[in-house]
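A.B. asks: With the input below, show me the fold.
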Amino acid sequence: MAKKSLKETIFGAEENSAAKADPEKLGRFQKIAARMYHTPQLSAKEMGMPSLMAAGRAMSDVINGNYRTIFFVSVLRIDMSYVAIILTLVGIFDVLNDPLAGIVYDRTRTRWGKARPYAFLAPLFYYGATALLFFGRLLFDNDVTDDPGKILFVFLVLLVQNVFETIYKVPRDTYQNLMTPNPQDRMSMGKWQTFVRRWSGDFLAFMFVPLLDLARSGLLDVAPGVIFAGFGVISAAVGAGGSMLMATQCRERILLQPKPIATSKALFAILKNKYALRNFIAGFAGSWWNKGGYDWNYVAMLEIFGGVLRFWPWVIPGHITRTVSLVLVEPFKKLFHGSYRKTVMFMRIWDMFLGSVPAILGLSPKVLGTWWKTGLAFMPFEALISSNDMPSAVLESEIGREISDYTEYMTGDRPDGTMGLLTGLISKVTAPLSVLMTIAVFKWSGYDPNIAGNRPWNQQTVRDNHSMYSKVFFLMNFTDIVPNLLNLFPLCFYDLEGKKKEDMYIALNERRALLAKESGMSAEMEALLEMAAEGNA
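C.D. replies: Next up, the predicted model:
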């Protein structure tokens, strides 16, 4: 046998993969494989349970994502420099912990499947730590920004939270890939997950933000720390409960090879997936430019519009178009003759252009002169951006699943844990940079997060000087554009479409059927193959 070149060794397909398998050996499963690819298989219950999990995830993301830094700085009252140090230390730990957790996950084989045990147990600890984190103000009721007790508390709870987030994140994100080999199933499930995630997150925000707004202004006699603690418990209960229900009610149909690939090969699996490698490079290049955990929508809501009630009328049209976009998934799928790549590129360019227009308009004092002029400059563009929300989320997610499946096609296994956590380290490694960038942006804009207020131009001593608020409005509309632009480039080279994509999935399903016959099948896989053979799958 000819010796493989270095390029083939590093980037080429593994010998036992579907890409290198003997066509004659797999050929007897061709009809079954085609039916598995073309025929939906999920029940209504299996469609719904992941959506419940997504609802809990969205609720947690509202306060644990968008408002966590606001909680640290403005409610728990820790100096921003200490927040940066804490996130740096937690990030260093994650760099060491995440690959190890990914390797353990990839080598997991149980009678319940690969992802189900983690999806059932890990959320209890992850969401428990999240809820505890937002009890911080009730445990440390002082405004000392360098209190060692508060700093140690946040560090330890974040450490526990990140450990179990690592254990939970990969099975949560890859569960859908293991439930069905049918793309239509996955996109239908993704559509409802996206819809529920968007609206459950918005629903919680529409309750949480006004209460926080009223508490900050003194109109509601409830401390912001109590509001954070209450919503932390609610989101944790829904998040843990939804994930545990999904783990008990949704089966894994994709059969994995009994013996996983060697860890050394799994660590370099991303090199065999040119699509994932391009995304990794683009993600790393843009990871330093983000909100740093600070929500500039919230800042603009308070400081420019003067509170939630004045801001709501301008975002309602966007929520309406977002809902309407649910029925636009199929039309958008057909927009460029079924090319998901071209459709997603079109929608990303659409979003970047429409996001940059109000950002630039807001630099003019004439536009940002009053809260209602600002709203008029913001509303139509936000509504147009939201009108492709569901199609964009569904098609981008399916492209991501296709890229994950390409790894199995090239390697013969699904090292989702190793690859997912290696790519996930981008945000962990650059988290301190994100916070430092937020500090730099504060200095650039002149905004002081420690000054509370609920009226327009609360921090402006001279009413006619709008420079700081122009910058805040600019950040509200522009912060996502740079990473979106960088993430657009890998799509220019994405060619896993049409016959090439279908051939890949047929080969994958043929190999899965062969594994099932050779190594023993679960009851689910056996039933699936029998139904496919009869043409009823």
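A.B. asks: Endpoints of stretch 254-273, how far apart?
C.D. replies: End-to-end distance for stretch 254-273, by CA to CA, to the nearest Å: 20 Å.
A.B. asks: so how far is residue 323 from residue 200?
C.D. replies: 13 Å (CB to CB, to the nearest Å). All C-beta spots, glycine's among them, are computed from the backbone N, C-alpha and C.
A.B. asks: What of residue 30?
C.D. replies: Taking CB to CB as the measure, residue 30 falls 42 Å from residue 323.
A.B. asks: Likewise for residue 112?
C.D. replies: With distances taken as CB to CB, residue 112 is found 37 Å from residue 323.
A.B. asks: again, but for residue 487
C.D. replies: 26 Å.
A.B. asks: same thing with residue 174?
C.D. replies: On the measure of CB to CB, residue 174 and residue 323 end up 28 Å apart.
A.B. asks: So between these two, which is more surrounded?
C.D. replies: Neighbours were counted for residue 174 and for residue 323 using other CB atoms under 10 Å; residue 174 has more, 22 against 15.
A.B. asks: May I ask you to confirm that that one is in contact with residue 415?
C.D. replies: No: in this structure residue 174 lies outside contact range of residue 415 using CB atoms under 8 Å: 10.6 Å.
A.B. asks: Measure how buried residue 121 is and give me the count.
C.D. replies: 16.
A.B. asks: How many neighbouring residues does residue 203 have?
C.D. replies: Residues near residue 203, counting by other CB under 10 Å, number 14.
A.B. asks: elements contacting the helix or strand harbouring it?
C.D. replies: Under the criterion of DSSP states H and E, residue 203 resides in helix 183-217. Packing partners of helix 183-217 (3 or more CB pairs under 8 Å, 6 or more residues apart in numbering; DSSP states H and E): helix 44-61, helix 148-179, helix 224-249, helix 296-303, helix 308-324, helix 389-411.
A.B. asks: and those, which one's lowest on average pLDDT?
C.D. replies: Lowest mean pLDDT within the helices and strands packed on helix 183-217: helix 296-303, a mean of 76.
A.B. asks: In that one, which of the residues would be classed as buried?
C.D. replies: Buried residues in helix 296-303, counted by 16 or more other CB atoms under 10 Å: 296-303.
A.B. asks: Let me know the closest of those to residue 284.
C.D. replies: residue 296 (23.2 Å; CB to CB).
A.B. asks: Quick check, that closest one in contact with residue 478.
C.D. replies: No: Residue 296 is beyond contact range of residue 478, at 9.1 Å (criterion: CB under 8 Å).
A.B. asks: How about the contacts made by residue 197?
C.D. replies: 51, 54-55, 57-58 (CB atoms under 8 Å, 6 or more residues apart in numbering).
A.B. asks: 10 Å instead?
C.D. replies: 50-51, 53-59, 61, 393 (CB atoms under 10 Å, 6 or more residues apart in numbering).
A.B. asks: so how far is residue 62 from it?
C.D. replies: Taking CB to CB, one finds residue 197 at 11 Å from residue 62.
A.B. asks: follow-up on the earlier one: to residue 22, which of the helices and strands packed on helix 183-217 lies closest?
C.D. replies: Comparing those by their distance to residue 22 (CB to CB), the top pick is helix 389-411, with 15.1 Å.
A.B. asks: Just give me how far that closest one sits from the chain centre.
C.D. replies: When C-alpha coordinates are averaged (CA atoms, centre = their mean, to the nearest Å), helix 389-411 and its chain have centres 13 Å apart.
A.B. asks: Just want the angle from that helix to helix 148-179.
C.D. replies: 70 degrees (axes from the mean of the first three to the mean of the last three CA atoms, to 10 degrees).
A.B. asks: could you check the angle helix 308-324 makes with helix 389-411?
C.D. replies: For helix 389-411 against helix 308-324, the angle by the same axes, to 10 degrees is 60 degrees.
A.B. asks: Just the angle for helix 389-411 relative to helix 183-217, thanks.
C.D. replies: 130 degrees.
A.B. asks: right, and the helix or strand after helix 389-411?
C.D. replies: For helix 389-411, the following helix or strand on the C-terminal side (DSSP H and E) is helix 416-445.
A.B. asks: for the record, mean pLDDT for that following helix?
C.D. replies: Averaged across helix 416-445, pLDDT comes to 74.
A.B. asks: what secondary structure does the closest residue in space to residue 37 that isn't next to it in sequence sit in?
C.D. replies: Nearest residue to residue 37 in three dimensions, chain neighbours excluded: residue 505, at 4.7 Å (CB to CB, 6 or more residues apart in numbering). The local conformation at residue 505, judged by DSSP: H, G, I helix; E, B strand; the rest coil, is helix.
A.B. asks: Would you confirm that residue 505 contacts residue 35?
C.D. replies: No: contact criterion CB atoms under 10 Å: residue 505 and residue 35 do not qualify, at 11.6 Å.
A.B. asks: Mind listing the shared neighbours of those two?
C.D. replies: Common neighbours of residue 505 and residue 35, using CB under 10 Å, 6+ apart, are residue 182.
A.B. asks: Look up phi and psi at residue 113.
C.D. replies: phi 120, psi -170 (degrees, to the nearest 10).
A.B. asks: Show the pLDDT at the residue lying closest to it once chain neighbours are set aside.
C.D. replies: Closest residue to residue 113 apart from its sequence neighbours, by CB to CB, 6+ apart: residue 252 at 3.7 Å. Residue 252 is assigned a pLDDT of 86 by the prediction.
A.B. asks: Helices of the stretch 251-400 of the chain, residue ranges please.
C.D. replies: 263-267, 274-286, 296-303, 308-324, 329-333, 340-361, 371-386, 389-411 (DSSP state H, counting those that start in this stretch).
A.B. asks: Quick one, which of these gets closest to residue 445.
C.D. replies: Closest to residue 445 of the helices of the stretch 251-400 of the chain is helix 296-303 (CB to CB; 9.1 Å).
A.B. asks: on contacts alone, who are the packing partners of that closest one?
C.D. replies: Helices and strands touching helix 296-303, by 3 or more CB pairs under 10 Å, 6 or more residues apart in numbering; DSSP states H and E, are helix 183-217, helix 308-324, helix 371-386, helix 416-445, helix 467-478.
A.B. asks: okay if I get the ones you listed as a markdown table plus distance to residue 153?
C.D. replies: Shown next, in a markdown table, are those (distance: least, CB to CB, whole Å):
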| stretch | distance to residue 153 |
| --- | --- |
| helix 183-217 | 21 |
| helix 308-324 | 30 |
| helix 371-386 | 38 |
| helix 416-445 | 18 |
| helix 467-478 | 30 |
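A.B. asks: which one of those lies closest to residue 500?
C.D. replies: Nearest of these to residue 500, taken as CB to CB: helix 183-217 at 14.0 Å.
A.B. asks: Please report how far the closest residue to residue 61 other than its chain neighbours lies from residue 331.
C.D. replies: Nearest residue to residue 61 in three dimensions, chain neighbours excluded: residue 201, at 6.3 Å (CB to CB, 6+ apart). Residue 201 is 25 Å from residue 331, where distance means CB to CB.
A.B. asks: of the two, who's got more company?
C.D. replies: Neighbours of residue 201 and residue 331, each counted by other CB under 10 Å, are more numerous for residue 201; the result is 21 against 9.
A.B. asks: about what we covered before: Serialize the helices of the stretch 251-400 of the chain to CSV and add fields for distance to residue 157.
C.D. replies: Formatted as CSV, those follow (distance: least, CB to CB, whole Å):
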stretch, distance to residue 157
helix 263-267, 30
helix 274-286, 27
helix 296-303, 23
helix 308-324, 29
helix 329-333, 39
helix 340-361, 34
helix 371-386, 35
helix 389-411, 30
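A.B. asks: now for those, which one comes closest to residue 92?
C.D. replies: helix 274-286 (17.1 Å).
A.B. asks: contacting residues for the residue positioned nearest the centre of the chain?
C.D. replies: Centrality entry for the chain: nearest residue to the mean C-alpha point is residue 173, 8.5 Å, by CA atoms, centre = their mean. By CB under 10 Å, 6+ apart, the residues touching residue 173 are 57, 115, 397, 400-401, 404, 416, 420, 424.
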